[in-house]
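Q: next comes the sequence, and after it the predicted model I'd like to discuss.
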Amino acid sequence: MSFRIPLYRFASKYRDRNSNERKRKRPRICLFGHFGQGNFGNESTLQAILYHLRRRIPHAEVACICTDPEAVAVDYNISAVEISGIVVKPWELRNPVARLGRKLFIGIPSEVYRWLKGVMTLWRTDALIIPGTGLLTDAVSLLGWGPYNMFKWSVISKLCGCKLFFVSVGAGPLYSRVGRCLVRSALSLADFRSYRDDSTLQYLKGIGFRAENDRVCPDLAFSLPAALIPHDVAKREGRSVVGLGLMKYPGRYSVEKPSHAIYLAYLDALVVFVRWLIAHDYDIRLLVGDCCDRAVTQDFTFLLKERSVAYEEGRIIDEPILSAAELLSQLAATDVVVATRFHNVLLALLLNKPVISISFHHKCVSLMSEMGLSEYWQDINDLSGERLIEQFCQLEKNAGPVKSLIRERAENCRVALDDQYSIIFESMFPGLAISEGFDNMHPTAPTQAHAAQTSISAPD
């Protein structure tokens, strides 16, 4: 069961008392998410919501509660604060009594301070938006950007009289009872909820959340502005280029008890596939969706040499990718994409590329189904190189009809998201004139490539 917190009466009184004042000032909106850490799927989501915020409410003051506020502030020219900052620098204690004492006399007061600081951050803020991404999970931890802090900021938003919006979010896995309770409780506080796919809706129903009246609306990255989507990228003459998206082993995002053997089998299957591609006169472009995936490209190229996969220089293209814009540019320079990370697949579809998805999560299967490509995916835990070759041949054979289908479905996603933006911004600020102008809008893009290296990464 979810926590029932009597916040609405307090929040309603606060909002009524300040409604006239808020009409006279600039609207203030806060975004919340795992941003600034070099996950290009998350960054593309942030770019999309910022663009549409500035398009619809150009005079709004926008801030962000995120994992790396310094990077976000520099890249997007907005104010930013950390999701959960360090109050007292931790140190190692072996004595269990000393550890307990630290929790009681340092840990608890520090967390009280974070709550008070959160109230100061959201005071006089009109709305807190959780835009997309897969934050509704405890696969890595309950803390950090896990469900506890999402719950905490959701509660703080209601204490401050903010409206709370979960917009096209993804969910799962949630292994712990506490994690499930925190997610249900945070969602129950929301003024608006939508999920990026039907599989998320069904997953939340499966953990006991009543989501019957909630919306399903595509991932926000489908609404990236056209100015950020590369077209007519010059390709090398001659061979077709296959984009191969590699990913750090997702571990508990995929199965409750992960095994390193699955990661090795994943790379082995891709070696079989690449050997066949080289023998059949294709070039390969290695792609990543997160800065932490660079280690995987090194593992993979080493394995190719170990398995004696011979190829001429330049046949395997491995160029650095340090931003979502660079990922889009490199995806645009391919003919077909085989990828693991969810947003590598999605952004390839946005560029109208035929795609095969190596699925590590129900969101990958759901995306391919929604795009009419159900026969073009495999489970990462049981990946077959031979089956990948068969799917690739079938995809190339059907490339024309597949691209027409992708174009149609992607446009449907953009229309659905535009309708959703109208709904949320009008409900956020009833009576406020919402702009529909595109002509003078500059696309929201990072001012510099931020390549933060992290040991643990959210798989968008």
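A: Perfect, thanks for sending it.
Q: just the pLDDT for residue 375.
A: At residue 375, the model reports a pLDDT of 97.
Q: which residues touch it?
A: By C-beta atoms under 8 Å, 6 or more residues apart in numbering, residue 375 lies in contact with 391, 394. C-betas here are computed from N, CA, C, even on glycine.
Q: what about it, which helix or strand?
A: Using DSSP states H and E, residue 375 falls within no helix or strand.
Q: what's the answer for residue 308, then?
A: Using DSSP H and E, no helix or strand contains residue 308.
Q: what does residue 415 give?
A: Short version, using DSSP H and E: residue 415 is in helix 399-428.
Q: just residue 261 next, same as before
A: Residue-wise, residue 261 maps onto helix 260-279 under DSSP H and E.
Q: in that helix, which residues are buried?
A: Applying a neighbour-count criterion of 16 or more other C-beta atoms under 10 Å, one finds 262-263, 265-267, 269-278 buried in helix 260-279.
Q: next helix or strand past it?
A: strand 283-287.
Q: may I see the buried residues of the helix or strand following that next one?
A: Downstream of strand 283-287, the first helix or strand assigned by DSSP H and E is helix 294-306. Using 16+ other C-beta under 10 Å as the test for burial, helix 294-306 gives 294, 296-297, 300, 303-304.
Q: can you tell me what sits against helix 294-306?
A: With C-beta under 8 Å, 6+ apart as the criterion, helix 294-306 contacts 246-248, 267-268, 270-271, 274, 286, 288, 311, 316, 318, 320.
Q: cool, stretch 120-127 as well?
A: 18, 22, 27-30, 63, 65, 81, 128, 153, 156-157, 160, 162-165, 428-429.
Q: run the chain-centre distance for that stretch.
A: 24 Å (C-alpha atoms, centre = their mean, to the nearest Å).
Q: which residues of the stretch 1-150 of the chain fall in helices?
A: All helices of the stretch 1-150 of the chain, identified by DSSP state H, counting those that start in this stretch, fall at 8-24, 40-56, 69-76, 96-102, 108-122, 147-159.
Q: typo on my end, it should be the stretch 301-450 of the chain
A: Secondary structure of the stretch 301-450 of the chain (DSSP H, counting those that start in this stretch): helices located at 324-332, 342-350, 362-370, 385-397, 399-428.
Q: sorry, back to before: now the angle between helix 385-397 and the helix holding residue 415, please.
A: 90 degrees (axes from the mean of the first three to the mean of the last three C-alpha atoms, to 10 degrees).
Q: who does helix 399-428 touch, helix- and strand-wise?
A: Packed against helix 399-428, as judged by 3 or more C-beta pairs under 8 Å, 6 or more residues apart in numbering; DSSP states H and E, are the following elements: helix 40-56, strand 163-169, strand 192-195, helix 342-350.
Q: I'd say residue 138 and residue 174 touch.
A: Yes: with contact defined as C-beta atoms under 8 Å, residue 138 reaches residue 174; the gap is 5.5 Å.
Q: picking up where we left off before, please name whichever of the helices of the stretch 1-150 of the chain is nearest to residue 338.
A: Of all the helices of the stretch 1-150 of the chain, it is helix 40-56 that lies closest to residue 338, at 16.8 Å by C-beta to C-beta.
Q: starting at the chain centroid, how far to that closest one?
A: Using C-alpha atoms, centre = their mean, the distance between the centre of helix 40-56 and that of its chain works out at 11 Å.
Q: for that helix, buried residues please.
A: 40-56.
Q: quick one: contacts for residue 364?
A: Residue 364 makes contacts with 342, 345, 357-358, 377, as judged by C-beta under 8 Å, 6+ apart.
Q: whoops, I mixed them up, residue 186
A: Contacts of residue 186 (C-beta under 8 Å, 6+ apart): 147, 150-151, 154-155.
Q: if we can go back for a sec, among the helices of the stretch 301-450 of the chain, which is nearest residue 198?
A: Residue 198 lies closest to helix 362-370 among these, at 6.4 Å (C-beta to C-beta).
Q: which parts of that closest one are buried?
A: Those would be 362-368, 370, for helix 362-370 by 16+ other C-beta under 10 Å.
Q: what of stretch 215-228?
A: Of the residues in stretch 215-228, 216-225, 228 count as buried by neighbour count, 16+ other C-beta under 10 Å.
Q: pLDDT and distance to residue 338 added to those, as CSV?
A: Below are the buried residues of stretch 215-228 laid out as CSV (pLDDT from 0 to 100; distance: C-beta to C-beta, whole Å):
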residue, pLDDT, distance to residue 338
216, 97, 27
217, 97, 27
218, 98, 22
219, 98, 20
220, 98, 24
221, 98, 19
222, 98, 20
223, 97, 25
224, 97, 22
225, 93, 27
228, 87, 24
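Q: so which of those residues is the closest to residue 254?
A: Using C-beta to C-beta, the buried residues of stretch 215-228 come closest to residue 254 at residue 219, 19.0 Å.
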